[in-house]
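Trainee: Sequence plus predicted model, see below.
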Amino acid sequence: MLLHFNKTPQPIVTFILQTLNTKLLTLKQLQQIHAQILSNTTLISTPLITTFLHSYHRSHNLNYASHFLYNLPQSCSKPSFWNPMIKASLNSNNPQNFFTCYNAMMRCNVNIFNAGFFASILKFGAKTGDTQFGEMFHCVVVKMGFDSDVVLETGLLDFYAKIGDLSCARKVFDEMSERDVVACNVMISVLGKHGFVEDARVLFDGMLEKDSYTWNSMVSCYFKVGDVESARFVFDRNPVKNEVSWNMLIDGYSKSGYFGNPDNLGDILTLYSEMLVSNVSPSQSALSLIIQFCASFCALQLGKALHCQILKWNFNHDVVLQTGLLDFYAKVDDLSSAKRVFDEMPQRDVVANNAMISALSKHGFVEDAQNLFNSMQEKNSVTFNSMITCYSKIGDIHSARFIFDSNPAKDVVSWNAMIDCYCKAGLLSYAEELFNGIGEVKNSVTWNTMITGFVQRKEFQRALQLFEHMQAERVKPTEVTMVSLLSACAHLGALEMGEWVRDYIKRNKLKIDVVLGNALIDMYCKCGSISHALDVFDKLRVKNIFCWNSIIIGLAMHGYGQEAINYFYKMIQQDINPDGVTFVGLLCACSHSGLISEGKMYFSQMQSVYGVEPGIEHYGCMVDLLGRSGQLKEALELITSMPLKPNAVVWGSLLRSCHIHKDTELGEQVTQRLLELDPRDGGNYVFLSNLYASLSRWKDVDRCRKLMAESGVHKVPGCSSIEVDNVVHEFVAGDSSHPQFSQINAYLVEIGKRLKDEGYEADTGSVFHDIDEEEKEGAVSYHSERIAVAFGLMSTPRVGKVIRVVKNLRTCDDCHTVMKLISKVYKREIVMRDRNRFHHFSNGVCSCKDFW
């Protein structure tokens with residue numbers, strides 16, 4: 001719409017001013033007014049020009065405004081007109097606007113240069129990160145003699161600091177005519193940003209005047225280089241702490257991983273109390289970090305106190321904090337409080353809804369979670385993933401897959417959740433199908449999930465093979481990968497691979513926390529290297545109950561009964577209360593080492609001294625301890641008087657003792673009980689058959705074999721494994737499928753000859769066939785552990801190389817004797833893990849002292 005003007009000047013001026021002040025005009029309308037002014041210079045006045053320029057600013061036509069000023073008559077141009085123009089061009093964050101205005105001003109020979117002008121320009125250069133822009137005006141500042149102004153020098157320092165030019169920042173700082181606290185603060189910040197913390201500290205210590213920004217900057221410097229202790233030291237000595245100080249400390253602790261350690265709970269409680277005493281209100285982000293800490297480590301009291309303070313500080317409308325509280329209550333198993341927080345939220349976003357689904361899922365309220373899921377207007381991938389996890393927990397694979405397929409925006413977490421669901425259900429083929437179908441989206445979690453799935457289903461070889469594939473794909477393993485790998489190595493007895501994993505951890509500086517440390521201890525214990533297990537244990541800064549249990553059980557497995565007891569007392573001295581697993585290890589230690597009276601004492605102290613109620617597994621340990629020592633009658637009395645119904649494990653412990661002490665009568669009674677409990681367990685028939693065979697009661701042996709055949713029960717074949725050059729080889733008794741079997745067989749014959757030269761005679765008592773002695777000798781000579789040891793001797797001829805074998809069953813008496821002789825004749829240490837314990841054979845002697 002065009003504007004209509006009167007003929008006389010004064011009414012026109014009035015009309016223009018009223019129009020400019022009341023309307024947001026288009027560019028065309030402004031140009032119309034501009035033309036009217038140019039056609040009649042008598043209209044020009046300071047109020048008119050000022051108002052006209054303001055109207056241009058409002059309509060964001062800065063370039064045309066510059067053009068307007070440039071074309072004004074020289075007599076009408078004033079420096080005061082250009083100041084707001086320059087300011088507006090800087091506020092536009094567009095360098096082009098600024099240079100258009102600046103160049104027009106320079107052509108008009110207008111001088112508005114002062115320290116404030118250049119400070120604004122340098123601030124703009126720092127904000128935009130335009131290096132050339134700032135350097136150009138630095139030259140102008142020096143040329144025009146403003147380089148000795150403290151404010152402007154500080155502006156230059158700040159500019160170079162923010163664009164990351166430390167050398168120029170240092171030069172400006174060193175050449176400053178005087179340095180106030182603001183300049184020093186800027187320099188401390190830039191030094192800290194570039195890691196020169198010592199230089200920052202020297203400057204900090206030399207400052208006569210310090211404000212809160214100074215102290216906070218120094219704290220920030222230390223946090224940036226990960227020096228948490230020094231950051232706390234400076235913070236504690238800050239006499240002018242403010243809200244920024246506290247929030248910076250909390251944020252620094254969070255980023256440094258301080259909140260990731262539950263042992264710091266006491267310190268965090270103290271800090272929180274001091275903050276309240278100081279009447280400081282932390283920021284929402286700081287509160288959110290503390291709530292996350294409380295949720296992670298179930299810090300119930302601190303979390304509830306925070307909830308009260310959030311209400312007091314009137315943050316109860318903050319959806320982020322409310323969602324954090326919801327998550328906290330879910331993780332401390334207070335679902336009712338989680339529901340109350342959720343119900344009282346004034347508004348719920350998709351994140352809050354997702355948190356509630358996770359809370360309901362954790363506590364098994366699948367139907368409620370599904371109802372909330374169905375009612376949500378907005379869903380994201382996290383929503384679908386939470387429901388997959390929800391169904392996975394109750395084993396509803398079909399519903400989980402339906403949700404997975406329904407997700408319109410699957411991300412890598414979706415695939416990982418579904419793969420994990422299949423793995424936990426034991427459906428590894430379906431998990432692999434998804435794993436292979438995910439393509440390049442895979443991340444380290446995907447690989448870890450699949451590897452862990454194999455480990456959980458005891459597919460240890462496949463777990464190691466998948467890890468090799470992971471390495472080939474150049475996917476960086478994480479601590480979780482290492483824990484799964486170590487578990488696989490532990491079960492396979494693959495020490496060389498386990499050592500490689502530990503070296504990888506060292507090379508890549510992965511953090512050895514209690515979880516990874518415990519996995520290393522367990523691996524070394526189960527791979528027969530108890531000295532390395534103790535080395536890892538002793539170097540752990542933080543040890544939890546799982547670490548102590550692993551080392552006590554490890555010592556027990558290796559026959560170091562007294563050492564296991566010593567570590568038990570060390571644990572007590574560290575104020576760590578033993579649990580049921582601890583006592584299983586302790587009682588096994590006593591059993592394997594023949595410490596009968598000690599075992600009885602610890603069993604009697606479980607409830608009375610340590611408050612741990614004996615379970616079925618502890619009674620099984622006691623039966624084993626008494627039975628091994630020949631106290632079969634007392635062992636039977638313990639079984640018949642125990643408050644729990646004895647299971648197959650308890651009766652099985654007594655049956656093994658009957659075999660050791662050749663008590664046929666009791667053995668038959670125990671076997672009958674075992675067959676009533678588990679008629680499908682072939683091991684029970686085998687034990688009884690071995691007992692009969694050792695007494696040459698062949699008719700009874702035949703009867704056992706017929707019962708096994710009639711019941712459709714098969715003897716579990718003996719299987720032994722040995723690791724050579726990072727490859728695990730498995731051998732089954734009598735199996736000739738190994739590609740090097742002919743060489744192994746020849747080596748077995750050679751071993752047999754050398755042992756006979758040493759006076760060896762086969763103990764064929766464990767062969768439950770009524771055949772001649774020569775055939776029996778042949779039968780025992782092909783037990784799986786002998787094949788594995790022969791392969792080890794053949795493949796690693798170097799003297800001093802330890803041979804490590806893992807067997808799935810208890811080693812027989814004859815093989816135990818043979819291993820002792822081989823260690824002596826071949827001068828090789830043999831470490832064998834059978835079903836019950838470790839045997840360290842060296843120079844003709846076994847660590848078990850023939851008590852196993």
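Mentor: The structure has been received and is ready for your questions.

Trainee: immediately after the worst-scoring helix or strand of the chain on mean pLDDT, which helix or strand?
Mentor: The weakest-scoring helix or strand in the chain, judged by mean pLDDT, DSSP states H and E, is helix 773-781 (a mean of 49). The C-terminal neighbour of helix 773-781 among helices and strands, as given by DSSP states H and E, is helix 784-795.

Trainee: Run through the neighbouring helices and strands of that following helix.
Mentor: With contacts defined as 3 or more Cβ pairs under 8 Å, 6 or more residues apart in numbering; DSSP states H and E, helix 784-795 has these neighbours: strand 719-724, strand 727-732, helix 741-757, strand 803-807, helix 813-825. The C-beta positions use only the backbone N, C-alpha and C, and glycine is treated the same way.

Trainee: Ok, which of those comes nearest residue 378?
Mentor: Closest to residue 378 of the helices and strands packed on helix 784-795 is strand 727-732 (Cβ to Cβ; 50.7 Å).

Trainee: Buried residues in stretch 499-510, which are they?
Mentor: By neighbour count with 16 or more other Cβ atoms under 10 Å, stretch 499-510 contains the buried residues 499, 501, 502, 505.

Trainee: Name the nearest residue to the third one, ignoring sequence neighbours.
Mentor: The one in question is residue 502. Nearest residue to residue 502, sequence neighbours excluded (Cβ to Cβ, 6 or more residues apart in numbering): residue 520, at 6.2 Å.

Trainee: ok, back up a step: would you convert the buried residues of stretch 499-510 into a markdown table that also reports pLDDT, distance to residue 485 and secondary structure?
Mentor: Below are the buried residues of stretch 499-510 laid out as a markdown table (pLDDT from 0 to 100; distance: Cβ to Cβ, whole Å; DSSP: H, G, I helix; E, B strand; the rest coil):
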| residue | pLDDT | distance to residue 485 | secondary structure |
| --- | --- | --- | --- |
| 499 | 93 | 12 | helix |
| 501 | 92 | 5 | helix |
| 502 | 94 | 10 | helix |
| 505 | 92 | 10 | helix |
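
Trainee: out of those residues, what pair is the most spread apart?
Mentor: Based on Cβ to Cβ, the longest span within the buried residues of stretch 499-510 runs between 499 and 505 and measures 10.7 Å.

Trainee: hang on, the earlier thing: Serialize the helices and strands packed on helix 784-795 to TSV and add fields for distance to residue 89.
Mentor: Formatted as TSV, those follow (distance: least, Cβ to Cβ, whole Å):
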stretch	distance to residue 89
strand 719-724	73
strand 727-732	72
helix 741-757	87
strand 803-807	77
helix 813-825	89
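
Trainee: Including distance to residue 564 and mean pLDDT, could these go into TSV?
Mentor: Shown next, in TSV, are these (distance: least, Cβ to Cβ, whole Å; pLDDT from 0 to 100):
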stretch	distance to residue 564	mean pLDDT
strand 719-724	26	92
strand 727-732	28	90
helix 741-757	34	92
strand 803-807	21	94
helix 813-825	22	93
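
Trainee: and among these, the most buried is which?
Mentor: strand 803-807 (a mean of 25; mean count of other Cβ atoms under 10 Å).

Trainee: show me the contacts for the residue nearest to residue 493 when sequence neighbours are not counted.
Mentor: Of all residues not flanking residue 493 in the chain, residue 806 sits nearest, at 3.6 Å (Cβ to Cβ, 6+ apart). Neighbouring residues of residue 806 by Cβ atoms under 8 Å, 6 or more residues apart in numbering: 492, 493, 720, 721, 722, 832, 833.

Trainee: Which two of these have the greatest separation?
Mentor: By the measure Cβ to Cβ, 492 and 832 form the most distant pair in those, at 14.0 Å.

Trainee: Show me which of the two is the more surrounded one.
Mentor: Shown here are residue 492 and residue 832; by other Cβ atoms under 10 Å, residue 832 has more neighbours (26 against 22).

Trainee: quick check, that one in a helix?
Mentor: No - using DSSP: H, G, I helix; E, B strand; the rest coil, the assignment for residue 832 is strand, not a helix.

Trainee: Quick check, pLDDT for it.
Mentor: Residue 832 is assigned a pLDDT of 95 by the prediction.

Trainee: Same check on residue 38?
Mentor: Looking at residue 38, the pLDDT reads 62.

Trainee: again, but for residue 849
Mentor: Residue 849 is assigned 82 on the pLDDT scale.

Trainee: Phi, psi for it please.
Mentor: Dihedral pair for residue 849: phi 60, psi 40, per degrees, to the nearest 10.

Trainee: Give me the neighbour count for it.
Mentor: 11.

Trainee: what's the answer for residue 307, then?
Mentor: Number of residues near residue 307 (other Cβ under 10 Å) recorded here: 21.

Trainee: May I ask you to confirm that it is in contact with residue 324?
Mentor: No - counting by Cβ atoms under 8 Å, residue 307 does not reach residue 324; the two are 9.9 Å apart.

Trainee: who's in contact with residue 334?
Mentor: By Cβ under 8 Å, 6+ apart, the contact set of residue 334 is empty.

Trainee: any idea how far residue 344 is from it?
Mentor: 15 Å (Cβ to Cβ, to the nearest Å).

Trainee: What of residue 256?
Mentor: According to Cβ to Cβ, residue 256 and residue 344 sit 34 Å apart.

Trainee: for residue 586, same thing?
Mentor: 50 Å.

Trainee: buried set for stretch 670-678?
Mentor: Within stretch 670-678, the residues scored as buried using 16+ other Cβ under 10 Å are 670, 671, 673, 674, 675, 677.

Trainee: quick one: pLDDT of the fourth one?
Mentor: By that I understand residue 674. With respect to pLDDT, residue 674 scores 82.

Trainee: pretty sure it contacts residue 684?
Mentor: Yes - contact criterion Cβ under 8 Å: residue 674 and residue 684 qualify, at 4.3 Å.

Trainee: Can you check which residues contact both of the two?
Mentor: Taking Cβ under 8 Å, 6+ apart as the contact rule, residue 674 and residue 684 both touch 648, 652, 655.

Trainee: Checking the second one next. Helix, strand or coil?
Mentor: Translated: residue 652. helix.

Trainee: residue contacts, it?
Mentor: Here residue 652 is in contact with 674, 683, 684, 687 (Cβ under 8 Å, 6+ apart).

Trainee: Thanks a lot, see you next time.
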